[in-house]
Structures are given as structure tokens and as C-alpha cells.
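Trainee: sharing a model that was predicted from the sequence below.
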Amino acid sequence: MKTADYDVVIVGSGAGGGAMAHAYCLKKIRVLVLEAGPRYDPFKDYMLDREDWERRHFPFKPGSEGQTTFAPMQELEPEWDDLRSWNRAMGRTNRKNQRSAYKYHHVRGVGGSTLSFTGESHRMHPEAMKMRSRFGVAADWPLTYSDLEPFYCEAERLVGVAGPENAGARWRSEPYPLPAHPLGYASQQLQAAAAKLGLEWIANPRAALSKPYDKRPNCNYCANCSRGCPRTDKGSVDVTFLRKAEASGFCTIESGVTVTRIEPGADDRVKGIHLVDGEGKPRFLPTQQLVIACGAVETPRLLLASANQHAPHGLANESGLVGRNFMETLAWSSSALHPEALGSFRGLPSDSICWNFNAPDAVDGIVGGCRFYAGVLESGLNGPIAYANRVVGGWGRKHKTAMRGQFGRVLTVAAIGESLPDEGSFVDLDPKARDPHGVPLARIHSRLGKMELKRLAFMAKKTREILHAAGAVDLVEEYGNYDSFNSTHVFGTCRMGADPAASVVDDRGRSFRWKNLRIMDASVFPSSGGGESPSLTIQALALRSVSHS
Amino acid sequence: MSYSRRKFCLATLLAGCAAQVGRLPGAGAAGEDALESGLQAWMETLYPSDEISPGAGRLDVHLDILKKAKPDPDYTGLLKFGIRWANIEAKKLGKTSFAALDSDSRESIVAMAEANRLEGLQGYFFQQTRMDGAEFYYSRKESWAGLAIMRPPQPIGYPFHAMPPQ
């Protein structure tokens, strides 16, 4: 690694880092991508063809998971007991009266968390980008949907997004590159049920190919996107943006490299990065231009851990907002047995969606929207082990008879909603816990406020209504984030804005003070949106950021 | 419940109940063969063979569980406790061991453990072996007979997912 060989160094190879790399390479700018985790070979590493596929989950390798700690979570109140998680086999999954810190889900690897993502490809709702000026919450985005729209189109073309013709509030200047996937048989029941309630249940835009495209085959509906795609039809960053970046000849990717600290200089420029290379040797790499794209937990961690005499409160933390405004996944799912054998273990996860309540003012008395979707596969109810331990329970002959009668009959309606910033939700450095390189771990503080709980209650009520309308009245499991922190989508900890006193970066991810530093991941989101999955928006922001360079 | 959580709960329970193990009448070192045969019978009771598919004992699921427990002294201790307790209950029914009982008698002992599933080591033994047993049992394609799943998801996938299952 010689700095003279590269114009830009990017730390992190997920949605933001990968899209930045590709965009720079299009301009013939030489890029070095440093990734802490390993490479994955989609043709060898994913185990969906094995007999024990269901036990295997996503194949985490050494170095593909970071560590995080959690501050104590809030007490659970009887008023919200209806939001406690439970399943038929185990009863309540959290038996204490304190919210549990389960997990921050992420993958360290070339492609980042897109390696295990489901691949929903959502644009932000145009009205959800002005939450401060319209509703007095969160912050306004320093750009509009119109500013971002052409880059959404570009990202969708690069990934190969399959989506419906009906764009709804998310107007489009061109159609999706690929036609929408057909709804699975189980999802068709939800569509019919939603129609009875006056709701529109449509195909979900997905980063999964509905036809062969860009030298990748179409999806075969194996129902297991989150276990890794062995066919490369899923549009994870490794087989899309980074494949093209490497093919351009302008991109080098080094995996197994951990950046431990950034060195702020005296001239409002970053001098370089301290890292531990793939052989375990500490090194210093001077950088001309630096992009940090490690996600909304690891990016603030790295910035805060890089404090020195020139940046005493952490790099790029002149506003005091690095790590603040942490927004998390606010989710709920209800699952019930349908009277018919649906074969619901088949198909494309999250193949269909309802946007009726997604606008920020769609629900009376609640600021911030939500979306509902077909959730049985995303919930992991796609194999016999999950049914045995979560739905059927029991043992002996009765258990086996019940398994044969119930397997494939579960229908799940899931929902994800807006997460608003809270004073009690932020990321800081753990005062004690450190990683093997001596760097303090990120510590997540999370608190759900009243508005979040009201939104969760609405989500729970509506999921149950839809299931009931579908004829699935025998509830077997309900899961939500009230009693358990369990997040994949996290945002906000280096928010973008127009005012340096109230934000960390500008609309292109550039630090206001540090002239050669950009941030490009979901940490820059000023608001979370009404449950949209963030990867496509991150990619569009990245493409826009470089296009204006 | 993730295994790390199970591990925590297990360590907590065992630390509190270690004395119980030593005070069990007839408690002595359970030979490995006795543990293996006892656990095989236990798993065959939890997930029995029937006309359609073989049971967990016949598919050697007990060996998977023993292998999983081997590096974990707490888990191995729980398995030894559970089988030792089951053997003691079997003696009350006039047999030398749990494995020597007929299926109805075995089921009555498992039901006793299940009744304690929220407290006590027998209940925890029941819970853990039931959950781990399901994981290993349903990872074997022989167990899928009678279910709507016939093969792993790849390489064929489910091309007819939009239609009712056959």
C-alpha cells in the first residue's frame, strides 16, 4: 500500500464505500478500499445446498463481526405489555422487566452488511426529508428528493432493481430496470386481505434479479437472501459496485485491514490513517482524500477514537454531534397460522409491501410513518428448525404430527417504522471495553420515546388486523423492538445538514472543517424515513457526492 | 434464545444447583456409555420414530449434542445430570435405566421434566435437549419426510412459489 498509488482511500466497503469506489473509478480516480472483514466467495461460502442449511445462517468468518457494548436499557412498563415479544413454543422471549440488548446486526466483509441483507431497494418518501421544518422533529435533509432522484435511477441500474410500475409518492423519471417479481402464494393471501381493508399491497422493489441481467442470473426464489446468495442474483455490493470498480482497473481492495485511528493534522486536513494490515502489522498510511463508510455505529466510533490536539473532541466533531441522534430499527411482526397449507417457506423474502402509512403524517396523532410487508421469510420461518422451536414446540408423536400439519402455514405481517432521535439514544466510546488493537469499543445507548411506542402499538394493531382479514387468526409469534434492541438499520450519528453548528457533514458528505474528509453511510441521515431500507439511498447519496466532485 | 444466552443461563443455574447433583441418590460417575445410551433414548423419546420418518435417536442426534457439549463443562454437566436423574426415575419404575424403559414409561419421565421447564435443572435439561435436538434432528433430510420440504433451498430454489404447494 503506497499512498502515491491512490487518490482516495475509502474505509469500509458496504453500501456507501462500494458506491463511492465505483463512482470514483468512473472518473478514473484511483481508489484504495480498506475493509476490516474478509472476502466472501458467493460460489463457495454460502451453504444453502447443504442438508444442515438452516443451522448455518450467514457464514460469519473470523473478522466478519465487530464488537459493540450497550449501556443499560430502559425499564419496561406495564402500560406497554401488549408490545412484549413472545412465541408459542417459549412464551415471552424477554422475561425480565428491562429492555434487553440483543444485537446490532452487521457484517464486516467486502460488500459490508449487504452480504446478508434481504435487498429491499427503497427510495425515501419525498415528504419525509423535511421532518424538522414540517413537524419539529429530527432534522431536514439538506437536499430534496428531486436532487437525489437521478442518482436513485443510476443506483437502481447498477444494482438491477426489480420494481413495480406504480411508483406512488416516490415519482420516477424512468422505469425500474427490471420488472417486479411475482408475489409468492402466501403473499397473495396478504394482498387479498389488505384489499378488504382498503389497503394497497404491491410488489416490493428488490435488489434481486427478476431476469438475467449484467452477467448475473435471475433469482430462483430460494427464500434465504439473508444467508447469502450463492447465485449472485442478489445485488449485494460485492457483485455490483465493487465488481465494476475492480474491473475498471482503478480500484484496489484490501481486506482484513483494520483502521484504528485517523490522524487529524494542523492544517484542517487529515494527514493519514493508522491501521493494522492483513498480516497484523501496524502501519501509517498518508491519505490525500479519505472517505469513512463504516456504518452508523463504527463511523462515529472511529471519529471519536481519533481525537488529538487538533481535534480534541474527536475528528469532525466540531458540532458535538458525532455519535448523537442515533436512530435504530423500529420493527414489529405478527405471525399466525393460516388454515391452508401455503408453502410459505418458499419465495422471495419481503416480496410485497404496503406504503399506505409511510408518509410522516399518515397516522393520526403520530409523527413518522411506517410500512408493512410480507415478513415470514425475513422472520426466519422458512425451515423446520424454526417451526419446531418457535411455532410448534412440544415433543413426541404429538410434536411430529403438529409439524406435519403446520409447516408452511405461517403467515407473517411485519412492519418497520420511523425512528426519531432521542437524547437517550447515541453512540459513544466504551470507557473500559477495547478491541484486540486497544481501540475502545462503540457503546450503544438506546431509548424508545413515547412517540416510538405509540407507533409500535399502531404497527402491532395493523399487522394483526391484516392477518385476521387473511383468515390467519391463530397467532403463534409476535416480535418487536420494545423489549429488545435488535437493529440492522441504524442512522444519524454523523448527520448531514447545511449548518455546521447543527450537523457533521454537508449534503455531499464532506466535513465542514476537514477539507479532505468525507463520510458516506447511514450515519449521515438526518432522519430515518418511515421504515425504508437505507441501502439504495446511501448508494444514491454516494453517487451524487462524487458526481459533484 | 441465542446460544450465548443459553450458556449464561446454564452457568447460572448450574452454579446454584451443583450441590443437587452430588446429593442425588445413587449418583456416581456416569460412564460415557451410560450417558450416550441414555441420551440416545432421551432424544428418541423427544423426537420418536414413526411410520413416516426415523426418530432422533435412530439418527444419532445424541452424538451431535454430545459433540456440541464436549468443550463446555457446564453443558456436559447438565447432560450428565439429566440422564442421571432420568435413570433414578427409571429405577422407581423397576428398570435399571431410562434406556431400558418402554416408550410409555420414558414419556412419563420426560413429561415430569417438562413440567419443571421454567425452574430446576430437570426442566432446563428438558428445554436445552428439546431445542438443540430440534436443531440437529431437522438438519437431517430423513426427518423431513411428511413435511412439505424435500431438499435444501439450493440449487433448485422454489420456481413455483407463486402457486399453491403441491
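Mentor: Yep, it's here.
Trainee: what number of residues lie near residue 126?
Mentor: No chain was given, so I picked chain A. 16 (other CB atoms under 10 Å in any protein chain shown). For every residue, glycine as well, the C-beta is placed using N, CA and C.
Trainee: chain B was what I was after
Mentor: Residues within reach of residue B:126, counting by other CB under 10 Å, total 23.
Trainee: residue A:305: what's it in contact with?
Mentor: Taking CB atoms under 8 Å, 6 or more residues apart in numbering or on different chains as the criterion, residue A:305 is in contact with A:260, A:261, A:314, A:429, A:439, A:440.
Trainee: the second one should be in a strand, yeah?
Mentor: This means residue A:261. Yes: using DSSP: H, G, I helix; E, B strand; the rest coil, the secondary structure at residue A:261 is a strand.
Trainee: is it in a bridge, and if so with what?
Mentor: Each beta-bridge partner of residue A:261 is listed here: residue A:274, as defined by DSSP bridges.
Trainee: mind checking how far it is from residue A:143?
Mentor: Applying CB to CB, to the nearest Å, one obtains 31 Å for the distance of residue A:261 from residue A:143.
Trainee: would you list every one of the helices in chain B?
Mentor: Under the criterion DSSP state H, chain B carries helices at the ranges B:3-23, B:32-46, B:61-69, B:73-92, B:103-115, B:120-137.
Trainee: now tabulate those helices in TSV and tack on mean pLDDT and distance to residue A:334.
Mentor: Output for the helices of chain B, formatted as TSV (pLDDT from 0 to 100; distance: least, CB to CB, whole Å):
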stretch	mean pLDDT	distance to residue A:334
helix B:3-23	48	23
helix B:32-46	92	29
helix B:61-69	97	32
helix B:73-92	93	34
helix B:103-115	96	27
helix B:120-137	93	23
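Trainee: what's the closest of those helices to residue A:206?
Mentor: Each of those has some distance to residue A:206 by CB to CB; the shortest is helix B:120-137, at 29.5 Å.
Trainee: output the contacting helices and strands for the closest one.
Mentor: For helix B:120-137, the contact count by 3 or more CB pairs under 8 Å, 6 or more residues apart in numbering or on different chains; DSSP states H and E identifies helix B:3-23, helix B:32-46, helix B:61-69, helix B:73-92, helix B:103-115 as packing neighbours.
Trainee: still on that earlier bit, from the contacts of residue A:305, which is closest to residue A:452?
Mentor: The shortest approach to residue A:452 among those belongs to residue A:429, at 25.3 Å (CB to CB).
Trainee: now that closest one: closest residue in space that isn't a chain neighbour?
Mentor: With sequence-adjacent residues excluded and distances taken as CB to CB, 6 or more residues apart in numbering or on different chains, residue A:429 is closest to residue A:440, at 3.9 Å.
Trainee: now for the helices and strands packed on helix B:120-137, which one comes closest to chain A?
Mentor: Between chain A and these, the shortest gap by CB to the nearest CB is with helix B:32-46, which sits at 4.5 Å.
Trainee: surely residue A:428 forms part of a strand?
Mentor: Yes: in this structure, residue A:428 lies within a strand as judged by three-state DSSP.
Trainee: what's the local residue count around residue A:248?
Mentor: 16.
Trainee: quick check: the gap between it and residue A:281.
Mentor: 29 Å.
Trainee: over to residue B:77?
Mentor: As it turns out, when the distance is counted by CB to CB, residue B:77 lies 43 Å from residue A:281.
Trainee: pull up the residues of the stretch 251-400 of chain A that are close to chain B.
Mentor: If contact is defined as CB under 8 Å from any CB of the partner chain, the residues of the stretch 251-400 of chain A in contact with chain B are A:340-343, A:345-348, A:382-385, A:388-389, A:395-397, A:399-400.
Trainee: just the buried subset of those residues, written out for PyMOL, thanks.
Mentor: Restricted to the buried members of these, where burial is judged by 16 or more other CB atoms under 10 Å in any protein chain shown, the PyMOL selection command reads as follows:
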select buried, chain A and resi 340+341+342+343+345+346+347+348+382+383+384+385+388+389+395+396+399+400
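Trainee: hmm, back to that, of residue B:77 and residue A:281, which one has the most company?
Mentor: Neighbour count, other CB under 10 Å: between residue B:77 and residue A:281, residue B:77 has more, with 18 against 8.
Trainee: residues contacting residue A:539?
Mentor: A:15, A:16, A:18, A:19, A:151, A:155, A:158, A:159, A:241.
Trainee: quick one: the strand or helix carrying it to chain centroid distance?
Mentor: Using DSSP states H and E, the element containing residue A:539 is helix A:535-547. Relative to the chain's own centre, helix A:535-547 is displaced by 15 Å; criterion: CA atoms, centre = their mean, to the nearest Å.
Trainee: ok, and for that helix, which residues are buried?
Mentor: Going by neighbour count (16+ other CB under 10 Å), the buried part of helix A:535-547 is A:535, A:536, A:537, A:538, A:539, A:540, A:541, A:542, A:543, A:544, A:545, A:546.
Trainee: for the residue nearest to residue A:429, give me phi and psi.
Mentor: phi -60, psi 140 (degrees, to the nearest 10).
Trainee: over to residue A:445?
Mentor: On the backbone of residue A:445 - angles per degrees, to the nearest 10 - the values are phi -110, psi 130.
Trainee: next one: the closest residue to it other than its chain neighbours from chain B, what distance?
Mentor: Nearest non-adjacent residue to residue A:445, counting by CB to CB, 6+ apart: residue A:71, 4.3 Å away. Between residue A:71 and chain B the computed distance is 19 Å (CB to the nearest CB, to the nearest Å).
Trainee: share the number of residues neighbouring residue A:71, please.
Mentor: Here the count is done by other CB under 10 Å, and residue A:71 has 15 residues near it.
Trainee: surely it and residue A:442 touch.
Mentor: No: under the criterion of CB atoms under 8 Å, residue A:71 is not in contact with residue A:442, lying 11.0 Å apart.
Trainee: so what's the spatially most central residue of chain B up against?
Mentor: For chain B, residue B:129 is the residue whose C-alpha lies nearest the centre (CA atoms, centre = their mean; 3.1 Å). Residue B:129 makes contact with B:39, B:42, B:43, B:46, B:65, B:79, B:82 under the criterion CB under 8 Å, 6+ apart.
Trainee: again, only this time at 10 Å
Mentor: Each residue near residue B:129 by CB atoms under 10 Å, 6 or more residues apart in numbering or on different chains is listed here: A:395, B:39, B:42-43, B:45-46, B:56, B:61-62, B:65, B:78-79, B:82-83, B:110, B:113.
Trainee: same check, this time on residue A:164
Mentor: With contacts taken as CB under 10 Å, 6+ apart, residue A:164 has the following neighbours: A:175, A:176, A:179, A:180, A:181, A:202, A:203, A:204, A:205, A:352, A:353.
Trainee: how about 8 Å then?
Mentor: Taking CB under 8 Å, 6+ apart as the definition of contact, the neighbours of residue A:164 are A:176, A:180, A:202, A:203, A:205.
Trainee: wait, the first one sits on residue A:163?
Mentor: Yes: between residue A:176 and residue A:163 a contact is recorded at 3.7 Å, counting by CB under 8 Å.
Trainee: more neighbours, the two?
Mentor: Set side by side, residue A:176 and residue A:163 give different neighbour counts by other CB under 10 Å, the larger being at residue A:163 (26 against 22).
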